[in-house]
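> make a model of this:
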Amino acid sequence: MTRRTSVRLHVVEEGSGVPVLALHGCLEPFFARRPGYRRLYPDLPGMGRSPAPESIASSDDVLDAVQDLVDEAIGDAPFLLVGESYGGYLARGLVRARPEQVLGLALICPIGTAVEHAERTRPELRVLRPDPALVASLDPRLAREYTELAVVQSPETLRRFRDEIMAGLDLADRAALARIRRRWRLRTDPESGPAYDRPTLILAGRQDNSVGYVDQFALLPHYPRATFAVLDVAGHNLQIEQPGLFDALLGEWLDRVAAESPGAA
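A predicted model of the protein is given here:
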């Protein structure tokens, strides 16, 4: 099969079974407790250990690299798709390209209908569970990155932020990300095609000051099988601030997919 790009994404793979492609986020230890799924965690170009040559200059190029990964790592097999933040925007584009192959879609704090930052409806940052002593103990850069988004400041959210988010920020190719950012919007609106009529989950944080929650509600007409939940005491890192609710809702989504797709459990 002809490749769309020259980029080969760095991928961490866990488990075996039904493929689950996670764009821009880690779903462990949830899936470690739920066997039967092969989790694929790629680093997007310029993020983590995936290269971003000059030829990767737009979100469309990033999506092409993801399409190449699907061709090579999954092929024509049905798979589950999870997208977080910017990865949620790309995931919607991938669903538009492969609606019959994607068994179910989960979006975690995704970019909504307003793609550009200035156009988004977002609340101001509100720290509901502050821990000033914890923040004061951090080095300046970690403190800045952590407090820009944290609604719940605690040793556990800090640990997960450091392990799951900061590790990627440390490896980011800032020049490549700036280049991609100049052509941020996909050429084809992900919701411009037929509605996606399979089990969907859309999770938003009530205090998410990055993408908000209002613009995600506007996605619902295109996803008639979507559960839409806005979680209080949750910002852009919802999965680490409300882990119990996150696990319950993600598990229910998997149950819906399995009930309608034999072998997807």
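> for R39, which non-adjacent residue is closest in space?
Closest residue to R39 in three dimensions, ignoring its sequence neighbours and counting by CB to CB, 6 or more residues apart in numbering: E14, at 4.4 Å. To be clear about C-beta, it is placed using only N, CA and C from the backbone, and glycine gets the same treatment.
> and that neighbour, how far from A106?
According to CB to CB, to the nearest Å, E14 and A106 sit 17 Å apart.
> comparing the two, which residue is more hemmed in?
A106 (27 against 16; other CB atoms under 10 Å).
> picking up where we left off before, pretty sure the residue nearest to R39 sits against R34.
No - the criterion here is CB atoms under 8 Å, and E14 misses it with R34 at 11.4 Å.
> what segments of the stretch 1-150 of the chain are helices?
59-73, 86-97, 132-136, 140-147 (DSSP state H, counting those that start in this stretch).
> out of the ones you listed, which is the most enclosed?
Looking across the helices of the stretch 1-150 of the chain with neighbours counted as mean count of other CB atoms under 10 Å, the highest average goes to helix 86-97: a mean of 24.
> contacts for that one?
Residues external to helix 86-97 that are found in contact with it (CB atoms under 8 Å, 6 or more residues apart in numbering): 22-25, 44, 59, 62-63, 66-67, 70, 81-83, 102, 105, 107-111, 115, 186, 188, 190-193, 196, 219.
> buried ones from those residues, can you make that a ChimeraX selection?
Those of the contacts of helix 86-97 that count as buried under 16 or more other CB atoms under 10 Å are selected in ChimeraX with:
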select :22,23,24,25,44,59,62,63,66,67,70,81,82,83,102,105,107,108,109,110,111,115,186,190,191,196,219
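> out of the contacts of helix 86-97, which sit inside strands?
For the contacts of helix 86-97, membership in strands holds for A22, L23, L81, V82, G83, V102, L105, L107, I108, with DSSP state E as the criterion.
> what's the neighbour count on M166?
M166: 16 neighbours (other CB under 10 Å).
> again with Y223
The criterion is other CB under 10 Å. On that basis, Y223 has 22 neighbouring residues.
> the nearest residue to it once chain neighbours are set aside: neighbour count?
Once flanking residues are discounted, Y223 sits nearest to T200: 4.4 Å by CB to CB, 6+ apart. When counting by other CB under 10 Å, one arrives at 25 neighbours for T200.
> beta partners of T200?
The bridge-partner assignment for T200, based on DSSP bridges, gives L105, A226.
> next, the contact list for it, please.
For T200, the residues meeting the contact criterion (CB under 8 Å, 6+ apart) are G104, L105, A106, L107, Y223, R225, A226, T227, W253.
> how does it look with 7 Å?
With contact set as CB atoms under 7 Å, 6 or more residues apart in numbering, T200 has these partners: G104, L105, Y223, R225, A226.
> cool, E164 as well?
Applying CB under 7 Å, 6+ apart, one finds that E164 lies in contact with C26.
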